[in-house]
Every structure is written in C-alpha cells, then in structure tokens.
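1. Give me a 3D structure for the following:
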Amino acid sequence: MGGELVRAGYLVDYFTYKSVPGYDGGENEGIRVYCLDGVKPAEIAGGSGGVSLTGLIRRRAVTFILAYKGLRVISKIFEYVVRKILLADVAVAVDVAQKILENNTYFCFIGIEPAGLAMASALADTQGVPYVYYNMELGMLDDDRKTVDLKILEDIEKKLNRGAAFTIIQDMDRARILYERSGIAKESIYIVPVSAIGAPHVERSDWLRVKLNIPQGNKIILYAGYIADWALCEEIIRAARQWPSDWTLVLHSNGGIDKEYMAKIEKNIGENIKISQTPVQYKDLAALLSSADIGIALYRNLSSNFMLIGSASGKLAHYLKSGLPVITNNYPSIRTVIEKYGCGECIESPEQMKEAIEKILAEYDSRRERAFSCYEARYEFSAHFEKVVAGFGRLEKGYDGFVK
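-> Residues are numbered from 1 along each chain as shown. I've put the predicted structure just below:
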C-alpha cells in the first residue's frame, strides 16, 4: 500500500511495534519505517529507553502514518481490566509516536486491525484529522469471539470503526458482515482483496532445487507461509508420504513457527519432504515461488473467517503472480475464483492432493497461463487500490463525508 500512495504523490510513515523481516522502506524515499522492536509499553512509560528506529531514510515532514497492528490485549476475566490494559497500551503508543514524530504533520492516519485502529483514531484526534480503518481479516466474527477480551475489543472496534472516514476490506461478504456488525454505511467501504504488487513473474528459477538439493526432474509442490495447525501442515505432510518419489513437497516458513508443532510434524517427514525454516526477504519471494511447480493454500475450517478466504489469502495471490497453479479448499469463496479461471484444483481434504496434482500436471502449461491471468484480473494490487487513492485525495481536500 505504501508504494502505491507514494506513486500517487504522498509520503508515508509506517509505525510499528514489530519489524517486518526484510522490509525497512527499501529504496523508496517516500517511505519511512519507525519500529519499537522488543520494547514493552511498561518500559517505554518508565523512560528506560531502548526505542529503536529502523529504515530512517531522512528527517523531514511527512503526510501519512500507518499504525500497524502490534498492540496486544491480554486475556483477563473482568471487563474493566481488559479495557484498562488496551487503552493504556494505546495511550503509551500514542505518546511514543508523538515524541518520535513531534515535528511531523499529517492529514490522515490509517489503522490496520482493531489495535491499529485504536492507535490511529487517537493520533488523528490529537491533530484534528480523519482516520481510515484497514481491516485485513475479520478476526472477530461472531463465531470467533471465544474470550472476554475479544468481546471487549470487538465493542471498541465497532465504536471506532463508526468514526472512520472510510473502511478498506477484502470482499463484499466481509463488507456485509462488517457494516451489519458495526453499523457503518455501505458507501463508506472500499473493497481491496489481499493482493500482490507488480507484473506477473514469468521467469522460472532453481531457488528451491539449489537450496534444498532437489533433483532437477522432480516436481516441487510448495507450501509457503506459517507452518501451523490452521494451515493443515501435518495433514499435508502425511498425505505427501504416499506421493510418487519424483514429487517433492516443500514447506517453506515465512518466520512463523510453533516449536512444539514443528517437533510434532517433523516425525512424519519422509524422503520426498523438505522443510525450510529460513524466511527470505520480500524482494526474493518471487524467485523462491517461481522455482516450484504447484502451490498449496489450505485452511482449516475454524470459523467463517477461514471460509471467506477467497479474497484474503496472501499466499494465493503470490502463487498466482509466479504462475503456480494452486491446490486449495473447496470453500465457496475460493472455488468460484478457481473454477472461473481454471488455475488450480479445489479439494475437500489433503488426501485428495495426489489426484489434484495429477490433473494439474496433465495440462500444466495451460494451468500456468491461467494462473497468470487470474492474478492480473483478481489479485494485482494497483488496480484495486486506485479507488482508495481517489478517496484519500478527497479527504486531503477536506471532503466531509463518505467517499463515493
């Protein structure tokens, strides 16, 4: 998003408690990243120092700040404790941001996820400017609310969402849930699927073959992302043990690993299964993906949030950008896309992957071309974000009301 805003003539600040591996603004002089890595709110409030700034390209006034998710609400029994902790964390974050950015002025703040929304709204209030809510996933759908703290956070989210100039979310199904739940106007919502940026990456590479010593003749079936139970990684590995010897399953972590879960799945690893726990920088992601033949994007049905994954899967967008036909769930939200473009296979369980792989390999070249076509039509970020840039333009001019 930052790059698109810069191309539209804006300057962007990212403010986060947690750094994004391999990203510090890069060579884009319109972006600065402020990071408080490893600094707890109590330490900041106590004045013990330790504030670190990464990606500080140069000092100058900027126009935007993106309040990235990172504030955490600790589960408590009593509602007032939860509220006190959340609001205290937000207050500390706002205080730190104001000290770091005291000479900067902004015309808008963008909050990602509920905690980022709370911070963005507070910062916007201090400068008398609007704020925007970027909801990356509906983590608090009714069937997701299992603890008191999430129920309280949802109440806060609803209130703050109603005060946002507009809201960005991935698809119409999620938008409907959001406006029915929060009471915001339909006209105040922009639809932007979780996407990748840039033209399709058509060049093939040997990244995984070289890194993991995979024979040239083998087909590589790749799962890239968090190695976690919700991604069915254990079931995928068990199914892969029954594959032909010239098919290699690779699980490549983006840095998110549960050590106990990893120890559990490693017991099922066979000769044709490779695991890489070393994340790559974003600039190298396309080369990594383009060294595989097929991408896996499976999600356990834990809630409606996982069922509505068709426009909210980052790995799906990046697989398609690199021309990988995909194997994914037979959920309506994603089946509609896969069937329309013919860029993969939808399955009910990991045991069906073998048959799905055979179908894809039987007409691989055409499936690869369809993957590129699907990416360009559905998952290239710039085309979807143009309307949002126009919305920011109207806010900049002082438009008071919903962006049409």
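2. Show residues contacting the top strand by length along the chain.
-> Longest strand in the chain by number of residues, with DSSP state E as the criterion: strand 247-257. Outside strand 247-257, the residues that touch it by C-beta atoms under 8 Å, 6 or more residues apart in numbering are 21, 208, 212, 214, 218-228, 233, 236-237, 240, 243, 272-279, 288, 292, 357. All C-beta atoms are positioned from the backbone trio N, CA, C, and that covers glycine.
3. got any ranges where the protein has weak pLDDT?
-> 16-28, 35-103, 115, 137-153, 256, 302-312, 398-404 (pLDDT under 70).
4. what angle separates the following helix or strand past the longest strand of the chain from strand 247-257?
-> Using DSSP states H and E, the helix or strand that directly follows strand 247-257 along the chain is helix 259-266. Orientation note: helix 259-266 sits at an angle of 170 degrees relative to strand 247-257 (axes from the mean of the first three to the mean of the last three C-alpha atoms, to 10 degrees).
5. Just the CA coordinates for helix 259-266, please, in CSV.
-> Backbone C-alpha positions of helix 259-266 (Å, rounded to 0.1, in the frame of the first residue of the first chain) are rendered in CSV as follows:
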residue,chain,number,x,y,z
LYS,A,259,8.3,-25.1,18.0
GLU,A,260,6.1,-27.7,19.6
TYR,A,261,4.1,-28.1,16.4
MET,A,262,7.2,-28.3,14.3
ALA,A,263,8.6,-31.1,16.5
LYS,A,264,5.3,-32.9,16.0
ILE,A,265,5.2,-32.7,12.2
GLU,A,266,8.9,-33.5,11.8
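6. ok, then the element right after it?
-> Next along the chain after helix 259-266, with elements defined by DSSP H and E, is strand 273-276.
7. Pull up the pairing partners for that following strand, direction included.
-> The pairing partners recorded for strand 273-276 under DSSP bridges are strand 247-257 (parallel).
8. Find the residue at the geometric middle of the chain.
-> residue 314 (5.8 Å; C-alpha atoms, centre = their mean).
9. How much space separates it from residue 330?
-> Noted for residue 314: a distance of 20 Å to residue 330, by C-beta to C-beta, to the nearest Å.
10. Residue 293 now?
-> Noted for residue 293: a distance of 21 Å to residue 330, by C-beta to C-beta.
11. what do you get for residue 130?
-> Distance, residue 130 to residue 330, using C-beta to C-beta: 41 Å.
12. same question, residue 357
-> Counting by C-beta to C-beta - residue 357 and residue 330 are separated by 16 Å.
13. Same question for residue 192.
-> From residue 192 to residue 330 the distance is 25 Å (C-beta to C-beta).
14. what number of residues lie near residue 185?
-> 12 (other C-beta atoms under 10 Å).
15. and what of residue 337?
-> Residue 337: 22 neighbours (other C-beta under 10 Å).
16. For it, identify the helix or strand it belongs to.
-> Short version, using DSSP H and E: residue 337 is in helix 332-341.
17. Would you pull up how far that helix lies from the middle of the chain?
-> 20 Å (C-alpha atoms, centre = their mean, to the nearest Å).
18. in that helix, what counts as buried?
-> Within helix 332-341, the residues that count as buried by 16 or more other C-beta atoms under 10 Å are 333, 334, 337, 338, 341.
19. before we move on, back to that, of residue 192 and residue 330, who's got more company?
-> Counting neighbours by other C-beta under 10 Å for residue 192 and for residue 330 shows that residue 192 has the greater number, 19 against 13.
20. what's near enough to touch that one?
-> Contacts for residue 192 (C-beta under 8 Å, 6+ apart) come out as 168, 169, 170, 381, 384, 385, 388.
21. Just give the nearest non-adjacent residue to it, would you?
-> residue 384 (4.6 Å; C-beta to C-beta, 6 or more residues apart in numbering).
22. count of neighbours near that neighbour?
-> Neighbours of residue 384 (other C-beta under 10 Å): 20.
23. My read is that it contacts residue 194, right?
-> No: the pair residue 384 / residue 194 is not scored as a contact, 10.0 Å apart, by C-beta atoms under 8 Å.
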